[in-house]
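>>> model this:
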Amino acid sequence: MELKQEFIQGVKKHLGSLDAVFDSELEQVIKKIYPDTVRFFLFEYDSPVFSEEFSVSIWPTDIKGHVVGDGHWFLEGKAVVVPPEIYEAEKYSEIEPWETASELLEEWLIAKWAGISKVQRTRPAYIGHHDSFFKRELLSGKQVNWDEILERVNG
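This next block holds a predicted model:
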């Protein structure tokens, strides 16, 4: 098996082990009552710490892209995005583990969002690396930039 495929399988297996606990937490966060000023949800992650923590957060955001109220850090203190024995393994350094793990995490979160009932998906949601201009729409998986997101919520 090629190294990248081995890495992908390890990450997918690990993320799969988090399905139930993440789904439950995501449902609780989405069920909260948010003020009308919240126009979309922004999921962000920070890949340099994938092996240290589950660095995924959600931020309720207004029409200007400002956070409204408090964000939420998922699985805080309970899990990591990629176990260190996989993420930090020297043998994977040539396949750019941060990039591959970021893509896998985004795909996993897109699937998690699709699993939420339409009734609970009251607002659009986007995912991207912390402070990145480019995000992905969670419903379609398509890449959009920050300006497009703001145009959509102001449209």
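
>>> name the single longest helix found in the chain.
The longest helix of the chain (DSSP state H) is helix 97-114.

>>> quick check: buried residues in that helix?
Neighbour-count burial for helix 97-114, counted by 16 or more other CB atoms under 10 Å, picks out Pro97, Thr100, Ala101, Ser102, Leu104, Leu105, Glu106, Trp108, Leu109, Ile110, Lys112, Trp113. Yep, even glycine has a C-beta here, placed from its N, CA and C like the rest.

>>> which other residues reach stretch 99-117?
With contact meaning CB atoms under 8 Å, 6 or more residues apart in numbering, stretch 99-117 is reached by 4, 7-8, 11-12, 15, 22-23, 26-27, 30, 43, 45, 47, 50, 56, 81-82, 87, 121, 125, 127-129, 136, 138-139, 141.

>>> drop anything exposed from these.
7-8, 11, 15, 22, 26, 30, 43, 45, 47, 50, 56, 81-82, 87, 125, 127-129, 136, 138.

>>> in helices, which of those appear?
Going by DSSP H, the helices hold Phe7, Ile8, Val11, Leu15, Phe22, Leu26, Ile30, Tyr87 from these.

>>> for the nearest residue to the last one once chain neighbours are set aside, give its distance to Ile86.
Distance criterion CB to CB, 6 or more residues apart in numbering; nearest residue to Tyr87, sequence neighbours excluded, is Ser51 at 3.9 Å. Between Ser51 and Ile86 the distance is 8 Å, computed by CB to CB, to the nearest Å.

>>> lovely, talk soon.
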